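Undergrad: quick one, fold the following:
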Amino acid sequence: MGSKFKVTSLKADRKYGIVAGDLENLMDKGCQKLQLSRKGCRVCLFEDGTEVDADYFSCLEDNCKLIILEQGQKWDGEFRYYLNKILHEYDNSNDELITTANRMLSEEIRPRKRKLLQYFVEDSTENITAENREDDQKWFEGLNSRFKTKSDYMRFSCGRRMRNYLTEGAFDEDRCSFIHSINPYGSRENRIVFSTWNLDHGIEKKRTIIPTIVDTVKPKIDDRMVEHFYSLLFTLANLKLVHIVCHKKTEHKLSCDPPKTCTGKKRKKNNLL
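TA: Alright, predicted model coming up:
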């Protein structure tokens, strides 16, 4: 009698049901149904691309989905197939995909799936290929009207950053004592240096800030202490953009003493308020 299978090919737009008792019988009927030349064809699982031989055929379940590949063709599996199909539609700016993704985000879904959908929706709203201001006005919001293209602004921004990068000296200097010369087009080394932006902490984290925090919070702590240490660790207040040559790895020997804490009398007054 044989078992039932659903077969398709890379050229077919649907799956066909056939009954076969062995692999050769499946190949004959499948190729005939799909209008494929029998020579050089092989059978794989539609799910993951595993090739089916005569021994494996006997382990297949009823209604198993299979794909018959012609010589030289490859199949990476069902998930890759549907993902490629979605990406193809996405490349064609299919608004229906975005609408569906937004609808799914409004439902209760697993965090991992939600994150992927959010990336998809956010990326779909970007206008990466647009170069001119009139083609992507949102990108230019807040920028001077003299910038007509994205390239104009990026050249200006990179140039300004580069000038600061070359003139700013070490953490304890107002201006750099070195004469830095970097042409990122000149050599591989210059390209690497240009892409490596060094931010140097004036008051060092491990040597000074962390130990001071530990010593300070033992007796007591108030909001001003929290703000002080936060600014040193998580803002630009304690950072300086320096050339890699000016990034001093030696001990800076700067203090990070916290502000004086509120007196007990003042705290009592505030509590009364």
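
Undergrad: strands of the chain, start to end?
TA: Remark: strands assigned in the chain by DSSP state E are 3-8, 16-20, 42-45, 64-69, 198-201, 239-242.

Undergrad: would you single out the least confident of those strands?
TA: Lowest mean pLDDT within the strands of the chain: strand 198-201, at a mean of 75.

Undergrad: which neighbours in the sheet does that strand have, and how are they oriented?
TA: Partners of strand 198-201 in the sheet, by DSSP bridges, are strand 239-242 (antiparallel).

Undergrad: would you mark the buried spots in the strand it pairs with?
TA: 240, 242 (16 or more other CB atoms under 10 Å). For glycine as for every other residue, the C-beta is placed from the backbone atoms N, C-alpha and C.

Undergrad: so where is the stretch 101-250 of the chain shaky, pLDDT-wise?
TA: Residue ranges of the stretch 101-250 of the chain with pLDDT under 70: 123-126, 161-167, 178-186, 189-198, 218-221.

Undergrad: pretty sure residue 228 contacts residue 238?
TA: No: the pair residue 228 / residue 238 is not scored as a contact, 10.5 Å apart, by CB atoms under 8 Å.

Undergrad: just to revisit the earlier point, distance to residue 153 added to the strands of the chain, as JSON lines?
TA: Below are the strands of the chain laid out as JSON lines (distance: least, CB to CB, whole Å):
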{"stretch": "strand 3-8", "distance to residue 153": "50"}
{"stretch": "strand 16-20", "distance to residue 153": "56"}
{"stretch": "strand 42-45", "distance to residue 153": "51"}
{"stretch": "strand 64-69", "distance to residue 153": "49"}
{"stretch": "strand 198-201", "distance to residue 153": "23"}
{"stretch": "strand 239-242", "distance to residue 153": "20"}
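
Undergrad: looking at the ones you listed, spot the one closest to residue 36.
TA: Smallest distance to residue 36 across the strands of the chain (CB to CB): 6.2 Å, for strand 64-69.

Undergrad: mind giving me the packing neighbours of that closest one?
TA: If contacts are counted by 3 or more CB pairs under 8 Å, 6 or more residues apart in numbering; DSSP states H and E, strand 64-69 sits against strand 3-8, helix 23-34, strand 42-45.

Undergrad: what's the neighbour count on the residue lying closest to residue 71 once chain neighbours are set aside?
TA: Excluding the flanking residues, the one nearest residue 71 by CB to CB, 6 or more residues apart in numbering is residue 40, at 3.1 Å. Neighbours of residue 40 under the rule other CB atoms under 10 Å: 11.

Undergrad: could you do residue 226 as well?
TA: Residue 226 has 13 neighbouring residues, counting by other CB under 10 Å.

Undergrad: now it: how far from residue 237?
TA: 14 Å (CB to CB, to the nearest Å).
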